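Asks: sequence plus the predicted model coming up.
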Amino acid sequence: MEVENKIGFGKDEEKVGKEGNKLRSFELILRVVALVLTLAAAVVMGLDKQTKKVPLQLIPTLPPMDVPVTAKWRYLSAFVYLVVANAIACSYAALSMVLKVGNRKGNKGLGLMIVVMDLVMVALLFSCNGATGAIGLMGFEGNKRVRWDKVCNVFGKFCHQVAVALGLSLFGGLSFFLLVVMAVSNLNKRF
């Protein structure tokens with residue numbers, strides 16, 4: 001062992017071991033962050049509901065009637081997609097943490113499967129964020145060409161919760177993206 005240290009072999013292995021532990025710790029932290037963010041996004045969106053009384057005038061000679069109108073996340077498929085995608089990503093983050101902690105021996109097949117599933121979660125979360133962002137923008141600005149009025153001026157609380165859930169989901173997707181980047185950079189270091 002002393003001969004190896006004089007030549008320099010042992011020191012490099014110690015450096016690699018310490019770097020590997022730091023990377024594993026950072027990866028575990030990113031998985032916890034992804035789990036918390038996707039769980040929060042699913043809960044915030046899943047609890048999003050607002051009821052407002054909107055004046056409705058049927059005939060111009062009669063006074064308007066106040067009609068209660070409710071906005072719920074279940075009414076738009078993009079919002080349902082956001083809740084379901086974040087629930088899937090949250091479940092996967094919990095499962096991947098268990099698999100990563102249990103895979104201390106370094107089973108390469110399991111490691112590759114986890115990286116591929118991380119990439120699938122990136123695609124899933126970014127696609128649901130795009131769909132929700134498009135519908136949210138439509139609710140915020142409306143579309144005069146197809147005569148869709150904006151609704152965020154009426155359902156402000158609902159729209160703000162959608163924006164918060166969208167932001168949380170976006171950061172959850174970025175966490176999974178960083179996990180993929182880390183895996184690719186580790187692969188690059190090996191070759």
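Replies: Great, that's in hand.
Asks: now do the strands in the chain.
Replies: For the chain, applying DSSP state E gives strands covering 49-56, 65-72.
Asks: show me what the last one is packed up against.
Replies: This points to strand 65-72. strand 49-56 (3 or more CB pairs under 8 Å, 6 or more residues apart in numbering; DSSP states H and E). For glycine as for every other residue, the C-beta is placed from the backbone atoms N, C-alpha and C.
Asks: buried ones in the strand it packs on?
Replies: Gln50, Lys52 (16 or more other CB atoms under 10 Å).
Asks: just the helices in this structure please.
Replies: 2-7, 9-46, 77-102, 108-141, 156-190 (DSSP state H).
Asks: so who does the closest residue to Gly46 other than its chain neighbours touch?
Replies: What sits nearest to Gly46 in space, not counting adjacent residues and going by CB to CB, 6 or more residues apart in numbering, is Val83, at 5.2 Å. By CB atoms under 8 Å, 6 or more residues apart in numbering, Val83 lies in contact with Ala42, Met45, Gly46, Trp73.
Asks: how close does the residue found closest to the last one once you drop the neighbours it is linked to in the chain sit to Asp48?
Replies: With CB to CB, 6+ apart as the measure, Phe79 is the residue that lies nearest to Trp73, at 4.2 Å, once sequence neighbours are left out. With the distance defined as CB to CB, to the nearest Å, Phe79 ends up 8 Å from Asp48.
Asks: now for these two: what residues contact both?
Replies: With CB under 8 Å, 6+ apart, Phe79 and Asp48 have common neighbours Trp73, Val162.
Asks: neighbour count winner among these two?
Replies: Phe79 (25 against 22; other CB atoms under 10 Å).
Asks: before we move on, back to that, so the residue nearest to Trp73 is in contact with Met45, correct?
Replies: Yes - applying CB atoms under 8 Å, one finds Phe79 in contact with Met45, separated by 6.3 Å.
Asks: where in the protein is pLDDT low?
Replies: Residues of the chain meeting the criterion pLDDT under 70: 1-20, 190-191.
Asks: state the distance from the nearest residue to Val162 once chain neighbours are set aside to Val80.
Replies: Once flanking residues are discounted, Val162 sits nearest to Gly136: 5.3 Å by CB to CB, 6+ apart. To Val80, Gly136 is 14 Å away according to CB to CB.
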